[in-house]
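Peer 1: 3D, please:
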Amino acid sequence: MRIYLVGGAVRDKLLGRPEGDRDYVVTDARPDDLLALGYRPVGKDFPVFLHPQTGEEYALARTERKSGHGYHGFLFQADPSVTLEQDLARRDLTINAIAQDEDGTLTDPYGGARDIEARLLRHVSPAFAEDPVRLLRVARFAARFAPLGFRVADETMALLRHMVAEGEVDHLVPERVWAETRKALTEPQPSAFLRVLREAGALRILFPEVDALYGVPQRAEFHPEIDTGVHVEMVLDAAAAIAPGDDLVGFCALTHDLGKALTPADELPRHVMHEQRGVAPLRTLTARLKVPAEHATLAELVCREHLNAHRALELKPATVLKLLAVLDALRRPERLETFLAACLADKRGRLGHEHDDYPQATYLRQAREAAAAVTAAPFVAQGLAGPAIGVAMEQARVAAIAKMKLCNI
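Peer 2: Model prediction:
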């Protein structure tokens, strides 16, 4: 029995990055061999075991063969005759198909180390095309490694296009699309995720509402980048910088301007009412991908209200209070923070505005604090009851926001 560290841990070590989860492949062994050593089985489709002390995953070397459409249609073989090289051959990218033995020696039959040096995301073999999830994974790895200069190899991009043309992407279930998208939104450069999907022809299938934004012009004095699709890419990357690893902020950034694709042609490049127009396509997208309720709710709030955030300093105190109420910010201040992070990303996701200040965020936080400081107790002491308390509290909160604003002028 021989044990090898494989996949992301080896790749990240070669890149000089912190190692994440450590996965192992075991050759020349049967399930009973690992069971006898105290490993606990967890794999349903093929033998995967957890180490009795560390809890790390150890999988028997295996091969896989396509037996149907999608990513469920595979037959697996795992027995002592399967070699390490055969196991590595079934992996997606060469940079993930490197193994390291207990002495530190690398096994790299498909040139993964060379591609790390060349900053290339390249598929291991034509069998890559048998699993449509791999298209999403390549796009996600592009979002992770684009800041390091990685790009998708030309032959791999050609294969991605072929997969789309052959209809493999049509077999992706919503849960997998969302799972990979959610991970991509936590990466340092999520715009690369969109660009790879778009270049492969998959964005129009998986995210038609986002794909429709490309080529839609905006007013140059506000959006020097002009193209709405480019703007969304910039907002995504700004969100990743403002709230690293926060897929909720990222999803709000991705969907905040969907309404601009629905602006009548004779109104372009102006986008009056785009925030209201964006609600319907957003709801369609979130329903299709089965997006979690909190993501759907916050994204809709950002879609509808981001312009109110941008003009917060000009809003009447009563309107500011209504905005805070819509966000449920008095009870849930974390919602306000998510909202403001997405709005700041929208502000900075414009050519030449990447470092703009956003005093509106400070103002809305202060307005929330002023409003939240108003409680029911004084009005109860005055003898008010029922709805009268609510009316009095609202009036007091509007006054508190007005006073706070006056004091900060």
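
Peer 1: now do the strands in the chain.
Peer 2: Applying DSSP state E to the chain gives strands spanning 2-6, 23-27, 40-41, 48-50, 57-60, 63-66, 74-77, 99-100, 106-107, 120-121, 151-152.

Peer 1: with just CA atoms, put stretch 208-217 into PDB.
Peer 2: Provided in PDB are the C-alpha atoms of stretch 208-217 (Å, rounded to 0.1, in the frame of the first residue of the first chain):
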ATOM      1  CA  PRO A 208     -29.000  34.700 -19.700                       C
ATOM      2  CA  GLU A 209     -30.000  37.600 -17.500                       C
ATOM      3  CA  VAL A 210     -26.300  38.500 -17.000                       C
ATOM      4  CA  ASP A 211     -25.200  37.700 -20.500                       C
ATOM      5  CA  ALA A 212     -27.800  40.200 -21.800                       C
ATOM      6  CA  LEU A 213     -26.000  43.100 -20.200                       C
ATOM      7  CA  TYR A 214     -23.000  42.800 -22.500                       C
ATOM      8  CA  GLY A 215     -23.100  45.400 -25.300                       C
ATOM      9  CA  VAL A 216     -25.700  47.600 -23.400                       C
ATOM     10  CA  PRO A 217     -24.300  51.100 -23.300                       C
END
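
Peer 1: okay, the closest residue to Thr284 other than its chain neighbours and Ala399: tell me how far apart.
Peer 2: In this structure, Thr284 finds its nearest non-sequential neighbour in Glu209, 6.7 Å apart by CB to CB, 6 or more residues apart in numbering. In short, each C-beta sits where N, CA and C put it, glycine included. From Glu209 across to Ala399, the span is 42 Å (CB to CB, to the nearest Å).

Peer 1: which of those two has more residues huddled nearby?
Peer 2: For Glu209 versus Ala399, neighbours defined as other CB atoms under 10 Å are more numerous around Glu209 (19 against 15).

Peer 1: wait, that one sits on Leu258?
Peer 2: Yes - with contact defined as CB atoms under 8 Å, Glu209 counts as touching Leu258 (5.1 Å).

Peer 1: quickly, which of the strands of the chain bottoms out on average pLDDT?
Peer 2: The stretch with the lowest mean pLDDT among these is strand 74-77, at a mean of 62.

Peer 1: so where is this protein shaky, pLDDT-wise?
Peer 2: Applying pLDDT under 70 to the chain flags residues 45, 65-76, 409.

Peer 1: how does it divide into domains?
Peer 2: 1-118, 368-409 (automatic domain parsing).

Peer 1: return the most buried member of the ones you listed.
Peer 2: Ranked by mean neighbour count, these are led by domain 1-118 with a mean of 17 (mean count of other CB atoms under 10 Å).

Peer 1: first-to-last residue distance for that one?
Peer 2: End-to-end distance of domain 1-118 (CA to CA, to the nearest Å): 34 Å.

Peer 1: repeat for stretch 352-361
Peer 2: Across stretch 352-361, first to last residue, CA to CA, it's 20 Å.

Peer 1: how about stretch 195-213?
Peer 2: From start residue to end residue, stretch 195-213 stretches across 13 Å - CA to CA.

Peer 1: do the same with stretch 267-283
Peer 2: Per CA to CA, stretch 267-283 runs 24 Å from first to last residue.

Peer 1: quick one: buried residues of it?
Peer 2: Across stretch 267-283, burial judged by 16 or more other CB atoms under 10 Å covers Pro269, His271, His274, Glu275, Arg277, Gly278, Pro281, Leu282, Arg283.

Peer 1: is it true that the fourth one touches Ala309?
Peer 2: No - Glu275 sits out of contact with Ala309 when judged by CB under 8 Å, with a separation of 10.6 Å.

Peer 1: look up how far Asp12 lies from Leu282.
Peer 2: To Asp12, Leu282 is 35 Å away according to CB to CB.

Peer 1: again but with His271, I slipped
Peer 2: 42 Å.

Peer 1: just to revisit the earlier point, where do the contact lists of Glu209 and Leu258 overlap?
Peer 2: Pro281, Leu282, Leu285 (CB atoms under 8 Å, 6 or more residues apart in numbering).

Peer 1: neighbours of the residue nearest to Val249 when sequence neighbours are not counted, how many?
Peer 2: Nearest residue to Val249, sequence neighbours excluded (CB to CB, 6+ apart): Ala243, at 4.1 Å. The number of residues packed near Ala243 is 22, by other CB under 10 Å.

Peer 1: coming back round to it: make CSV from the shared contacts of Glu209 and Leu258 and add distance to Leu344 to it.
Peer 2: Formatted as CSV, the shared contacts of Glu209 and Leu258 follow (distance: CB to CB, whole Å):
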residue, distance to Leu344
Pro281, 23
Leu282, 20
Leu285, 23
